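[1] Sequence first, predicted coordinates after that:
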Amino acid sequence: MTILDRKGRHSPKRQTTRNTGLPRRWAIAAICSLSTLVLAPTIAKAQEFPSKPIHLIVPFAPGGITDISARLLASKLSERLKQSVIVENKAGGNQTIGAEYVATSPADGHTLIMGTMGSHAVNASLRKDLRFDVKTAFAPISVVTTQPLILVVNPQVATSLEELLSLMKENPGKYTYGSAGVGTTAHMAAELFQIQSGVKLVHIPYKGSGPMLTDLIGGRIDLAFDYAPTALPQVEGGRLRALAVTSAERADFSPKLPAMSEFIPNFAVTAWQGLFAPTNTPASIVDQLSKEVQLVMAMPEVVANLQAKGAKAGGNDPEEFNRFVQQEIEQWANVVRMNNIQPD
């Protein structure tokens, strides 16, 4: 059939889609609109975070400062995210068991780790047998807590740091120190202490600070670096003597206790706990978690809770935390190399 326009000229027949009578471009637009409506809930769901419980891995047994920090953070994050944050303890292998579990987990923000100086800085140079690269396997989110260690001795060993240093220099290799394991913060603090003070000690590693403190109290080892929550009760009970803190300045929880830098210039070791996700976790999720951590760590009740345990609340953005971790990796690699530290 020929269609004529008003002037009697031939007019091409409008192309229509089969069976609908609609112009093809209208049909395509309708299909696209329908697809958008169908896919919209799926896209929104994919972008939703968290969409299920978050598992926060602690690479230690329950009870230590890392576990305490993780549980405090988890309870507050659960409230803010309206989703459960479950703390799981996966101890062993100098923190590598928990770290590997997270490093090989889906990078969706639902599996995180409360890392430490040992797991995310020291092990980068100490452990060559890992099935993941500590430097690249994680996405830093935020530092959570920081705290100094306390140098404690059996009361029969010395009454001051000055006296202890004199005894150790007169008797190289005689005095022993304990730690919760090779590569832990306490171990590395003692190794740095030897480098900067020029003394020589014998390391006795334990599987946790509990048995180490038992032997220190019993006189089977001479000294140790330990955290305030576990060391101070023993000091207050007269079973151990505190000689100094490892922070650059005196600590608020015990201002009468000298800083080691007062006797060993520039000595400073600050233990830390920080939140990490598997690498390739979407930046939007990392940023969201970082902002939530910063808000939680600024809460007055959280600050007070940590202060009572000798710790400070942290909180920083992923870029700042990443720079800090890289500096820690470099610093402790030098200590590992200088003292030829070997894994268990």
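    Good, I have the coordinates. Just so you know, these numbers come straight off a predicted model, no measurement behind them.

[2] Convert the C-alpha atoms of the helix or strand containing residue 326 to CSV, please.
    Taking DSSP states H and E as the definition, residue 326 sits inside helix 318-338. In CSV, the C-alpha atoms belonging to helix 318-338 read as follows (Å, rounded to 0.1, in the frame of the first residue of the first chain):
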residue,chain,number,x,y,z
PRO,A,318,43.1,4.3,55.5
GLU,A,319,45.8,6.4,53.8
GLU,A,320,47.3,7.5,57.1
PHE,A,321,47.1,4.1,58.6
ASN,A,322,48.7,2.5,55.5
ARG,A,323,51.7,5.0,55.8
PHE,A,324,52.1,4.1,59.5
VAL,A,325,52.1,0.3,58.7
GLN,A,326,54.7,0.7,56.0
GLN,A,327,56.9,2.6,58.4
GLU,A,328,56.5,-0.1,61.0
ILE,A,329,57.4,-2.8,58.4
GLU,A,330,60.6,-1.0,57.6
GLN,A,331,61.6,-0.3,61.2
TRP,A,332,61.1,-3.9,62.4
ALA,A,333,62.7,-5.4,59.3
ASN,A,334,65.9,-3.6,60.4
VAL,A,335,65.7,-5.1,63.9
VAL,A,336,65.0,-8.6,62.6
ARG,A,337,68.1,-8.2,60.3
MET,A,338,70.4,-6.7,62.9
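
[3] gap between that helix and the chain center?
    Centroid separation for helix 318-338 versus its chain: 13 Å, with CA atoms, centre = their mean, to the nearest Å.

[4] Just the buried positions in it, please.
    For helix 318-338, the neighbour count (16 or more other CB atoms under 10 Å) marks 318, 321-322, 324-325, 328-329, 331-332, 335-336 as buried. (C-beta placed from N, C-alpha, C; glycine too.)

[5] Which residue ranges of the chain form helices?
    Applying DSSP state H to the chain gives helices spanning 24-47, 65-81, 96-103, 117, 123-126, 161-170, 185-197, 209-218, 228-236, 283-297, 300-307, 318-338.

[6] out of these, deepest packed?
    Using mean count of other CB atoms under 10 Å, the stretch among these with the greatest mean number of neighbours is helix 117 (a mean of 25).

[7] what's in contact with it?
    Outside of helix 117, the residues within contact range by CB atoms under 8 Å, 6 or more residues apart in numbering are 185, 188, 271-272, 328, 332.

[8] Over to stretch 124-132?
    Looking at what lies outside stretch 124-132 - CB under 8 Å, 6+ apart - the contacts are 94, 96, 99-100, 103-104, 123, 134-135, 182-183, 329, 332-333, 336-337, 341, 343.

[9] so residue 150 touches residue 232, yeah?
    Yes. Using CB atoms under 8 Å, residue 150 makes contact with residue 232 at a distance of 7.2 Å.

[10] between the two, what contacts are shared?
    Common neighbours of residue 150 and residue 232, counting by CB under 8 Å, 6+ apart, are 242, 254.

[11] quick revisit: would you reformat the contacts of helix 117 as TSV and include distance to residue 78 and pLDDT?
    Below are the contacts of helix 117 laid out as TSV (distance: CB to CB, whole Å; pLDDT from 0 to 100):
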residue	distance to residue 78	pLDDT
185	27	92
188	33	96
271	25	94
272	23	96
328	29	96
332	33	96
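
[12] Tabulate those residues in CSV, adding columns for distance to residue 212.
    Supplementary listing: these in CSV, determined by distance: CB to CB, whole Å:
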residue, distance to residue 212
185, 13
188, 15
271, 16
272, 21
328, 23
332, 20
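
[13] show me where pLDDT drops low in the stretch 201-344 of the chain?
    Across the stretch 201-344 of the chain, nothing is flagged by pLDDT under 70.

[14] Show me what the top strand by length along the chain packs onto, helices and strands only.
    When every strand of the chain is counted residue by residue (DSSP state E), the longest turns out to be strand 138-148. Helices and strands touching strand 138-148, as assessed by 3 or more CB pairs under 8 Å, 6 or more residues apart in numbering; DSSP states H and E, comprise helix 65-81, strand 111-116, strand 270-278, helix 283-297, strand 312-313, helix 318-338.

[15] is it possible to export those to JSON lines including distance to residue 225?
    Putting the helices and strands packed on strand 138-148 into JSON lines (distance: least, CB to CB, whole Å) gives the following:
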{"stretch": "helix 65-81", "distance to residue 225": "13"}
{"stretch": "strand 111-116", "distance to residue 225": "14"}
{"stretch": "strand 270-278", "distance to residue 225": "9"}
{"stretch": "helix 283-297", "distance to residue 225": "25"}
{"stretch": "strand 312-313", "distance to residue 225": "18"}
{"stretch": "helix 318-338", "distance to residue 225": "14"}
